[in-house]
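>>> Below are the sequence and a predicted model; questions follow.
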Amino acid sequence: MLKSFFTLTICLLSLSLFAQSKTQFVLIIRSKANAKPSAETIQTNIKHWQTYMGELAKSGKLANGYRPGNDGETISGTNKTTTKGSYSSGGEVVSSFLIINAKDADEAREIAAKCPVFELDGSVEIRSLMNVAG
């Protein structure tokens with residue numbers, strides 16, 4: 001009986017640790033729509049992005065990343081009005097989405113704070129993800 005109790009406890013603890021390690025957050029990265037950095041600044045920023053993404057991938061923190069195209073359209077309202085082009089708000093456009101693995105919101109915030117988008121006066125929104133597909 002005692003052996004079964006320990007086995008069950010270890011299984012439940014393992015499941016708990018596995019569930020905690022699978023907490024995911026989306027980082028919604030926004031860039032200034034009218035930014036005009038120099039070619040040198042862009043090249044430096046690209047190198048910083050490569051380092052940032054490489055470190056996230058190497059550490060297992062990067063689950064996936066997406067960069068939407070510049071074209072697009074927005075359908076809105078009850079009349080379903082269509083506006084061509086990328087949606088911009090407050091002078092910013094969404095430039096990337098990163099899905100990261102983090103133990104909690106504090107770790108997600110630490111990861112987001114290292115994002116190279118800040119070098120070009122961009123922003124990062126952090127949101128927890130919930131699986132609604134399964």
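Thanks, I have it.
>>> Show me which residues of stretch 96-103 are buried.
96, 98, 100-102 (16 or more other Cβ atoms under 10 Å). Any C-beta I mention is one placed from the backbone N, CA and C, and that applies to glycine too.
>>> Residue 104: what's it in contact with?
Listed by Cβ atoms under 8 Å, 6 or more residues apart in numbering, the contact partners of residue 104 are residue 23.
>>> So residue 85 is in contact with residue 33, correct?
No. Using Cβ atoms under 8 Å as the test, residue 85 is too far from residue 33 to be in contact (10.0 Å).
>>> These two: who's more crowded?
Set residue 85 next to residue 33 and count neighbours by other Cβ atoms under 10 Å: residue 33 wins out with 14 against 11.
>>> Contacts only, for that one.
For residue 33, the contacting residues are 86, 88, 91-93, by Cβ under 8 Å, 6+ apart.
>>> just residue 43 next, same as before
Residues near residue 43 by Cβ under 8 Å, 6+ apart: none.
>>> Now name the helix or strand holding it.
Assessed by DSSP states H and E, residue 43 sits inside helix 39-59.
>>> Name the strands paired with the next helix or strand after that helix and say parallel or antiparallel.
Toward the C-terminal end, the helix or strand that comes next after helix 39-59 (DSSP H and E) is strand 62-66. Here strand 62-66 has these sheet partners by DSSP bridges: strand 92-101 (antiparallel).
>>> still on that earlier bit, show the buried residues in the contacts of residue 33.
Of those, these count as buried by 16+ other Cβ under 10 Å: 86, 92-93.
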